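[1] below: sequence and its predicted model.
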Amino acid sequence: MAVYLLRRLLQSALVMLAMSVIVFIGIYAIGNPVEILISPEADQMERERAIRALGLDLPLWMQYLSFLKNALQGDLGRSFVFNEPALQLILQRMPATLELAFGATFIALLVGLPLGLYAGLKPNSFGAKTVMAGSILGFSLPTFWVGLMMIMVFAVQLGWLPSTGRGQTVEVLGLRWSFLTWDGLQHLIMPAMNLALFKISLVIRLTRAGVRETMLMDYVKFARAKGLSPARVTYVHVFKNILIPVVTVVGLELGSTIAFSVVTESVFAWPGMGKLIIDSINVLDRPVIVAYLMMIVLMFITINLLVDLAYSALDPRVRLEGK
């Protein structure tokens, strides 16, 4: 285990280094923030002074080396717009995005696993066919359109849920969380459900496919022949085995949920990292964009490692130290 973790940490460091180069070059190529941040009425001296203050007068390779040196010390630069550390801005918005992503993943598992299990155990029933048809809608409907329809129905017409914002928050361990208050939980329901629709469909199809495949295995037939109850066969011998691919895919999807929650956060005015990155792209706030992308890369690497560990725990046949 120790050798495996050490090897993965080394690989992660190399991935972070490679991604920092790609991200820095990509952000440098999309445009010049001077044209947006500096007033066109400013004279040449003011422009040059502002360019030097932002560090944009240096060649690209020197800017990158300066960024890399500061990044190793935990400094990812200062925002051009807010004049605050970019990492601090990201961390301030991160709890909102994390609770939205984890809330969506929880809903996807809570809804998708039972429906997928039912569809796999009774594939020819009307209910199972309805579930599978609904999963196609979950894959097909655009996220922004579903979000707008949810706001129109549940917020405007029925008045059951608030349409925008994060609601009341409480501070825990120095971070602000909304799901711990009733008002915040009400604000969380619609954006989390909107973000979870695609994941629900994915979990349903993965679970159904796993059930159909597992039910044909010899150990399931043997368990039935021993006279075990259908419930025991299903939940002990079938359910545990289908969790392996589900945990793998859902774990990887959690990273994409965090990274691509931009649309949902924009529709529901959710003050997370996604909304911050959209605002930063509009004004070419390079330090914030770079810090956001590097944090996303770090999240993907961490989640992949946790998925590997969970995979090994669920399936003892998998050995992390194996070649």
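    Looks like it came in fine.

[2] so where do the helices sit in the stretch 1-150 of the chain?
    2-29, 34-37, 44-54, 60-71, 86-121, 126-140, 143-150 (DSSP state H, counting those that start in this stretch).

[3] could I get the buried residue list for the fifth one?
    Think helix 86-121. Buried residues in helix 86-121, defined by neighbour count with 16 or more other C-beta atoms under 10 Å: 86-87, 89-90, 93-101, 103-105, 107-109, 111-113, 115-121. From N, CA and C alone the C-beta is placed, and that goes for glycine too.

[4] tabulate the helices of the stretch 1-150 of the chain (JSON lines), appending mean pLDDT.
    Supplementary listing: these in JSON lines, determined by pLDDT from 0 to 100:
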{"stretch": "helix 2-29", "mean pLDDT": "78"}
{"stretch": "helix 34-37", "mean pLDDT": "62"}
{"stretch": "helix 44-54", "mean pLDDT": "69"}
{"stretch": "helix 60-71", "mean pLDDT": "78"}
{"stretch": "helix 86-121", "mean pLDDT": "87"}
{"stretch": "helix 126-140", "mean pLDDT": "84"}
{"stretch": "helix 143-150", "mean pLDDT": "87"}
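
[5] of the ones you listed, give the one that comes closest to Lys240.
    helix 86-121 (12.1 Å; C-beta to C-beta).

[6] tell me how this protein divides into domains.
    2-71, 88-141+195-314 (automatic domain parsing).

[7] can you add distance to Leu161 and give those back as a markdown table?
    Shown next, in a markdown table, are those (distance: least, C-beta to C-beta, whole Å):
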| stretch | distance to Leu161 |
| --- | --- |
| domain 2-71 | 37 |
| domain 88-141+195-314 | 10 |
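
[8] quickly compare the ones you listed and say which is most buried.
    Mean neighbour count (mean count of other C-beta atoms under 10 Å) peaks for domain 88-141+195-314 among the domains of the chain, with a mean of 19.

[9] ok, back up a step: so which of the helices of the stretch 1-150 of the chain is nearest Leu284?
    With C-beta to C-beta as the yardstick, what comes closest out of the helices of the stretch 1-150 of the chain is helix 34-37 (5.5 Å).

[10] in the stretch 201-323 of the chain, which spans are helices?
    Applying DSSP H, counting those that start in this stretch to the stretch 201-323 of the chain gives helices spanning 218-225, 230-232, 239-259, 262-267, 273-282, 286-314.

[11] for the second one, give me every contacting residue.
    The contact list for helix 230-232 (C-beta atoms under 8 Å, 6 or more residues apart in numbering) reads Ala223.

[12] and with 10 Å instead?
    When contacts are defined by C-beta atoms under 10 Å, 6 or more residues apart in numbering, helix 230-232 is touched by residues Leu121, Ala223, Arg224, Lys226, Val238.

[13] the residues you listed: which two are farthest apart?
    Using C-beta to C-beta, the contacts of helix 230-232 reach their maximum pairwise distance at Leu121 and Lys226, which is 19.1 Å.

[14] what's the distance between Gln186 and Thr143?
    21 Å (C-beta to C-beta, to the nearest Å).

[15] which residue packs closest to Phe198, ignoring adjacent ones?
    Excluding its sequence neighbours, the residue lying closest to Phe198 (C-beta to C-beta, 6 or more residues apart in numbering) is Gly138, at 5.9 Å.

[16] contacts only, for the one you found.
    Counting by C-beta under 10 Å, 6+ apart, Gly138 touches 108, 112, 146, 196-205.

[17] hang on, Gly165 packs against Ile151?
    No: using C-beta atoms under 10 Å as the test, Gly165 is too far from Ile151 to be in contact (12.0 Å).

[18] looking at those two, which is more packed in?
    Neighbour count, other C-beta atoms under 10 Å: between Gly165 and Ile151, Ile151 has more, with 20 against 14.

[19] surely that one forms part of a helix?
    Yes: judged by DSSP: H, G, I helix; E, B strand; the rest coil, Ile151 forms part of a helix.

[20] so what's the residue count around the nearest residue to it once chain neighbours are set aside?
    For Ile151, ignoring the flanking residues on the chain, the nearest one in space by C-beta to C-beta, 6+ apart is Ser163 at 4.6 Å. Taking other C-beta under 10 Å as the neighbour definition, Ser163 ends up with a count of 19.
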